[in-house]
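>>> Generate a structure from the sequence data that follows.
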Amino acid sequence: MKTVMTTDGDTLGLILYRELGRDDDEIFDLTYKENSHLYDYLETSSTFPAGVLISLPDLPDKAEPKAVNVWD
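Residues are numbered from 1 along each chain as shown. Sure, this is the predicted structure:
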């Protein structure tokens, strides 16, 4: 697990994409589960002030996409 500190104006999506290369719903959910204090900041703004510590989750393994054939 990695911990990052925000800079003024960061959004969670920006941090997740910058640090993990993903900003999908699964990563957002895992991040909020590990960082319940983030809700306090997001009640008043969609950006974070400088100095907020965020623990980033370990990336879950992504399943290989299954090919779909029209004739199946």
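
>>> What are the buried residues along the helix or strand bottoming out on mean pLDDT in the chain?
Least confident helix or strand, the chain: helix 38-42 with a mean of 89, by mean pLDDT, DSSP states H and E. Buried residues in helix 38-42, counted by 16 or more other C-beta atoms under 10 Å: residue 41. Heads up, the C-betas are built off the backbone N, CA and C, glycines and all.

>>> how far out from the middle of the chain is it?
14 Å (C-alpha atoms, centre = their mean, to the nearest Å).

>>> Which elements pack onto that helix?
helix 25-34 (3 or more C-beta pairs under 8 Å, 6 or more residues apart in numbering; DSSP states H and E).

>>> what sits up against the helix it packs on?
Residues outside helix 25-34 that contact it (C-beta atoms under 8 Å, 6 or more residues apart in numbering): 1, 12-13, 16, 20, 38-39, 54-57, 59-60.

>>> Would you mark the buried spots in that helix?
For helix 25-34, by 16+ other C-beta under 10 Å, it's 27, 30-31.

>>> With stretch 40-60 instead?
Buried, per 16+ other C-beta under 10 Å, within stretch 40-60: 41, 48, 52, 54, 56-57.

>>> List the ones among these that fall in helices.
Using DSSP state H, the members of the buried residues of stretch 40-60 that fall within helices are residue 41.
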